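S.K.: Next input, structure requested:
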Amino acid sequence: MWEALDDFYWTYQSLIHAIGVNGILALSVYVVLAVGQLSLGQAAFMGVGAYTGALLSVKFGVPFGVAMLASAVVPALLALVVGGPTLRLTGVYLAIATIGLGEITRIVFLNWDYAGGALGLSSIPERGGVLAIYGTLVVLLVGLTLVARSRVGRAMEAMREDEAAAGVMGVNLPRYRLVALVVSSAMAGVAGCLSAHVSSFIGPNEYGFEAAVTILSYALLGGIGSPLAPVLGSTILTLLPEVLRPLADFRLMVNGLIIVLAVLFMPRGILPWRIARTG
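M.R.: Here you go, the predicted structure:
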């Protein structure tokens with residue numbers, strides 16, 4: 001039995017890693033959407049975290065735990081700097097601003113020779129693996145579920161449903177927006193670090209606009225009624241290309257059709273139910 005499980009893992013290890021990493025990314029975009037903000041900057045923050053962790057491992061040989069911590073702190077500081085001016089925007093204007101941030105970040109990586117430039121950064125030591133990825137995912141999932149059931153979670157829901165009314169009721173809107181962006185960016189950075197250390201290679205084009213839209217689609221498919229919903233969405237979208245592999249050239253078309261149908265007929269996601277509140 002153990003031998004069969006071992007063979008299964010080595011056959012599908014890339015897919016297993018991707019499901020966990022994408023689950024963390026889904027939670028990162030959930031945090032921003034939970035306060036009613038539409039951000040497409042998750043891929044940029046993931047890239048910053050990936051390059052931070054990878055450079056510390058490759059160039060300086062720091063322990064993996066330190067690299068993970070730095071990969072959370074650096075994107076969070078970046079979000080803290082850009083959060084002030086960008087969070088004055090809302091809706092599609094905020095989305096456009098964060099797309100611009102993503103492109104600036106990608107171009108910096110593309111022209112940064114110390115980090116490999118357009119060729120990317122290779123020979124990243126393999127660290128972390130399944131335990132680090134899924135351990136991080138479980139901790140974040142439990143933590144966000146507890147937050148969603150608290151007074152803070154109620155304030156976030158109020159902002160998402162009616163921001164003006166939430167402000168009148170005393171919710172500090174700028175603070176909640178900024179904290180959500182900072183926490184979200186730190187989570188995306190950790191996901192980038194974990195991904196870099198299981199793939200052993202990163203490149204600047206991995207963190208562009210296409211990746212940002214893909215991360216957002218996890219929450220669109222799963223929903224934002226609870227932290228579990230976007231994780232479910234990310235799992236489905238990660239597995240679909242593999243499940244549809246027998247369709248060969250038609251699998252991407254079928255994949256897109258499934259997403260479109262889900263958005264049209266399940267606008268609140270495939271798991272729209274909200275978790276019970278306490279306190």
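
S.K.: Which elements pack onto the helix or strand of the chain with the lowest mean pLDDT?
M.R.: The least trusted helix or strand in the chain, going by mean pLDDT, DSSP states H and E, turns out to be helix 251-265, with a mean of 73. Packed against helix 251-265, as judged by 3 or more Cβ pairs under 8 Å, 6 or more residues apart in numbering; DSSP states H and E, are the following elements: helix 209-222, helix 228-243. Where you see a C-beta, it was placed from the backbone N, CA and C, and this is true even at glycine.

S.K.: Can you give the distance from it to the centre of its chain?
M.R.: Counting by Cα atoms, centre = their mean, to the nearest Å, helix 251-265 is centred 21 Å from the centre of its parent chain.

S.K.: Need the residues that contact it.
M.R.: Applying Cβ atoms under 8 Å, 6 or more residues apart in numbering, the external contacts of helix 251-265 come out as 217, 220-221, 237, 240-241, 244-245, 247, 270.

S.K.: can you give me the strands in the stretch 51-200 of the chain?
M.R.: Counting by DSSP state E, counting those that start in this stretch, the stretch 51-200 of the chain forms no strands at all.

S.K.: three-state assignment of P272?
M.R.: coil (DSSP: H, G, I helix; E, B strand; the rest coil).

S.K.: before we move on, back to that, do you know which of the helices and strands packed on helix 251-265 lies nearest Y134?
M.R.: helix 228-243 (11.3 Å; Cβ to Cβ).

S.K.: circling back: dump the helices and strands packed on helix 251-265 to JSON lines, plus distance to G143, mean pLDDT and mean neighbour count.
M.R.: Below are the helices and strands packed on helix 251-265 laid out as JSON lines (distance: least, Cβ to Cβ, whole Å; pLDDT from 0 to 100; neighbours: other Cβ atoms under 10 Å):
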{"stretch": "helix 209-222", "distance to G143": "17", "mean pLDDT": "89", "mean neighbour count": "21"}
{"stretch": "helix 228-243", "distance to G143": "13", "mean pLDDT": "89", "mean neighbour count": "21"}
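
S.K.: In TSV: those helices, plus distance to L15.
M.R.: Below are those laid out as TSV (distance: least, Cβ to Cβ, whole Å):
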stretch	distance to L15
helix 209-222	15
helix 228-243	6
